[in-house]
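S.K.: got a sequence here, can you model it:
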Amino acid sequence: MKSRIMMFASAVVVAVGLAGMGGCSSETEATNTVVKLPTIQCGSCEQAVSTALKAVEGVKDVTVDLKTKTVQVTFAANQATVAKIEDAVVKAGYAANDKKADAQAYEKLPGCCKVQEQ
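M.R.: Next comes the predicted model:
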């Protein structure tokens, strides 16, 4: 009788442990966003934006498109946000969506990366 109780108790412990593992996953859900980059001008801009975004924790992939002046970003939703992504672009000296470039960072950009006044 004791051995049956012990086997039943062991089975319950194993079942509860396995059920609890179902909710825990080391995988994080990837999210995609597209950010408008109205002030990028050249390949140097592409590289600077890409480098800034890859430094953001949780960013998995970055694809800058100079022709459409956008960047597609894949990121872990539990580590990064669209706001953090925009802020990284802004701090690199470029506009991101409706956010203006950081003035001090913009001044440090090479001449080819600055928007020409008309």
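
S.K.: below-threshold pLDDT in the protein: ranges please.
M.R.: Along the chain, the parts satisfying pLDDT under 70 run over 1-28, 116-118.

S.K.: swap the cut-off to 90 and go again
M.R.: For the chain, residues meeting the criterion pLDDT under 90 lie at 1-29, 115-118.

S.K.: just the helices in it please.
M.R.: Counting by DSSP state H, the segments of the chain that form helices are 2-21, 43-54, 82-91, 103-107.

S.K.: show me what the last one is packed up against.
M.R.: So that's helix 103-107. In terms of contacts (3 or more C-beta pairs under 8 Å, 6 or more residues apart in numbering; DSSP states H and E), helix 103-107 is not packed against any helix or strand. For every residue, glycine as well, the C-beta is placed using N, CA and C.

S.K.: let's go with 10 Å and repeat that
M.R.: With contacts defined as 3 or more C-beta pairs under 10 Å, 6 or more residues apart in numbering; DSSP states H and E, the packing partners of helix 103-107 are helix 82-91.
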